[in-house]
Each structure stands twice: as structure tokens, then as C-alpha cells.
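> Show me how the following folds:
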Amino acid sequence: MARFLRPLLRGTTYTRWLHLWVPMLFTSVWLFIDMSKPWMPAVLLVPLGLIPAVRRGEGVQAQFMLARDGGEGAFSVAPSVTWRDRWRTVLWLEIRLVGGLAASCLTVWLPLIAFDLVYAATGHDTTDNPFVPSHPHWAYALLFPFPLLALYGAVVGLGELITVIARRLLGPSPSERLAALEERTEQLLERNRIARELHDSIGHALTVAVVQAGAARAAGDPAFTDRALGAIEDTGRAALEDLERVLGVLREAERPVSSRPTLAEADRLLESARASGAKVDAEVTGPVETVPGPLSREGYRILQESLTNVLRHAGSVPARVRIEVEDGRLVLEVRNPLTAEMPGPGRGSGLRGIRERAALLGGPDPKGDEGM
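Numbers count the residues shown, from 1 in each chain. Okay, here's the model as predicted:
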């Protein structure tokens, strides 16, 4: 019994019934103007449904009045784009009008029938109601619950039916689903890019700081310690700038990426690695400043991650960096010797991030240690 009456405790049961009654306001106004043409509202709904913005309004109503959980994503809340969506909106408006007519008739007649059954059972004449026998009889009181049960079934059943129809006619079209999927893909790509930016910039700064601190403690030389502290300070300041850039992307979706570092600023990375105790031999050939922005920015991050991997996995060893720009082609190479006690494969995502960047730029698969 409790399960049977559960729909009466749901707010959507009543909002759906109210949703069915809304079109009758428009119909009532028209009947007040001209009762000789009761079919005219159905005709007027055709050009109304062809207006693109009407689909958005119907979707918003359905989202908040028909769905139990708010209907997020179940109904389209965008204007009609194709003619197919416009005609679907027209069909929805016509069905909604018919549903409203049925709901209004049932709401009026079923309670009236129940009342007249009780009225007839008490010995009164009910000739005004064609659905109740005109001669009184006490047994009519036994039929009193059935119209109310029918009203209950109509309220719940019509509400469920109009919701199912709304999902079919007001649901996202294939083009809208594709647009939503593309937007979601763009968001995921942006999140991955931000994750790589944080990994490369902050990871590099922390690696340099750790190497510098370790070298200063082992050296026991005040002059070297001062230089190490200065390098840590410069690296930390650069990391803060990079962090501000990444956080700026998070705060402002339209923030331009032109402020990100490029290969023209590669000297900053090389000096940072040298300050950590590594001997870095750099060879730069060709006009690096002419490299296109996206390629130059991603190349900077690849170089940054490569130097970070050298310091993290090989320590302060000599490294050779080659940057070559020729005939619209960028070659970026970082080499270093293996140490006597080379650590095992790491759990980071450095080389994977380098591969992802290279793949996005159309470059070959970088070679290197899988642990980097």
C-alpha cells in the first residue's frame, strides 16, 4: 500500500500535472476570444514551434517540471538549429496541447462523478451528469472510490507518459550530442595540458632545488652554498611565475597562451641546469625565434622535462643539448652518459608527457629510458 501511494509524496507528480495544464491557459484565452473555432490553437502552435527559441523554453520547462532529478542533459536547452528539431518541437507542442486537454477534462469530470455517485446514493437526482444513472440508489456509494482511483492513475500515468514523450522530442539531437562530446573532449585535453604544465615547470624547479641543496650540503664550501642558494631562489621564482601562468589559465578560460615561455628563452633552462652542478654543452643552430608559437612553446617544455630527467635520474653529469632549426623543421636532442649506479625505472610521467607533446606536434616517438 505504501508503495502504491508513494507517487503522492513526490513533487514531480504535481509539477508534471501542472505542466500538462499550462497549455490550457492559452486555449482558454482563445476560447474567450472566439469559441466558434476551438481548433485554432492547434493551428497557431505550428508557426510558434518553428521559432528556434521556443525549443529552449520548452526544454527548460521540461527540465524543471518533468524530471525527478532536474533532468540535467535529458532535455535540450538550446534553440533549434535544424529543421528536424523545429518540427520535433511543433509535434511536441501539439501533443502537449492534447495532453493538457485530457488532463483538464479528467481533473474536472472524475471528481464530479465521484461526488454525484455519493449524491445519488443519498437519494438525490443526478440528471445533470451523463456518467451517473439518474435514479437514486444506495449501492452507488460502493462505486465512489473508482473515479478517484482513475484520477490517481491518470495523474501518475499521464505524467509518466508526457515525460517519456518529452525525452524523445525534446532530447538532444545528434548534432547537439556531438557538440557536447566535442566540448567535453576539449575540457579533458585542457586538463591534461594543465597537468603537463604543472608537472614540467614545478617538477623541474623541485628537482633543481633538491640537487642544489644536496650538493651544497656535501660540498661544505660557504661560497658554493651561497651560489646554490641563489640558484634555488632563481629557480623558485621562475617556478612561481610558471605556476601563475597555469593558474591564470584555470581562472580565465579565454586567457591567451602567448605568455608561456618559448625556445627563445631556453638559456634560462640551461643556466638553471648548470647552476645545479651539471655541465651542459648547448648547440643552437638556426633561427629559433622563427619557430611557430605552439611548436616553440611545446619544445620549451620538452627541453625542460628532458633536463629535469637528467638531473633526477643521472645527477650532476655532463649533458649535451642540441637545438636545430632548418627548413621548417625543429630538432631537439638531449644526451647524457649513464651513471655507475643508475636508478631503476621511475614512477613519473616525464617521458610519457614528452611523447604526448611530440605526438601532438606530429613528431617522431622520442627515445629514452621508460622510467623518466
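
> Could you report the pLDDT at Glu94?
What the model reports for Glu94 is a pLDDT of 92.

> Helix or strand: which one has it?
Using DSSP states H and E, Glu94 maps to helix 83-121.

> Check whether the residue nearest the centre of the chain sits in a helix, strand or coil.
Closest residue to the average C-alpha location of the chain: Arg184 at 5.1 Å, with CA atoms, centre = their mean. For Arg184, the assignment made with DSSP: H, G, I helix; E, B strand; the rest coil gives helix.

> Roughly how far does the closest residue to Val334 other than its chain neighbours sit from Pro111?
Distance criterion CB to CB, 6 or more residues apart in numbering; nearest residue to Val334, sequence neighbours excluded, is Ser306 at 3.9 Å. All C-beta atoms are positioned from the backbone trio N, CA, C, and that covers glycine. The gap separating Ser306 from Pro111 is 79 Å, by CB to CB, to the nearest Å.

> With Leu151 instead?
Separation of Leu151 from Pro111 (CB to CB): 7 Å.

> The two: which has the busier surroundings?
The neighbour count for Leu151 versus Pro111, taken as other CB atoms under 10 Å, is higher for Leu151 (17 against 13).

> Hmm, Cys105 and the more buried one touching each other?
No - if you go by CB atoms under 8 Å, Leu151 and Cys105 don't touch, sitting 11.2 Å apart.

> is it true that Thr27 lies in a strand?
No - looking at Thr27 with three-state DSSP, it is helix, so not inside a strand.

> Kindly state the pLDDT recorded for the closest residue to it other than its chain neighbours?
Among residues not flanking Thr27 along the chain, Pro41 sits closest, at 4.9 Å (CB to CB, 6+ apart). pLDDT recorded at Pro41 is 85.

> One more: Val321?
Here, the pLDDT recorded for Val321 equals 90.

> let's have the chain start at 632 instead
Okay, residue one is now 632; in that scheme the one you just asked about reads as Val952.

> Pull the number of nearby residues for it.
Neighbours of Val952 (other CB under 10 Å): 22.

> Wait, a strand at it?
Yes - assigned with three-state DSSP, Val952 falls within a strand.

> Please look at Leu651 and Arg727 and confirm they touch.
Yes - with contacts counted by CB under 8 Å, Leu651 reaches Arg727, the gap being 7.4 Å.

> more crowded one of the two?
Taking neighbours as other CB under 10 Å, Leu651 and Arg727 compare with Leu651 leading, 28 against 22.

> contacting residues for that one?
Taking CB atoms under 8 Å, 6 or more residues apart in numbering, we find Leu651 in contact with 727, 730-731, 733-734, 789-790, 793.

> Of the residues you listed, which is the nearest to Leu681?
Nearest to Leu681, judged by CB to CB, of the contacts of Leu651 is Arg727 at 15.6 Å.
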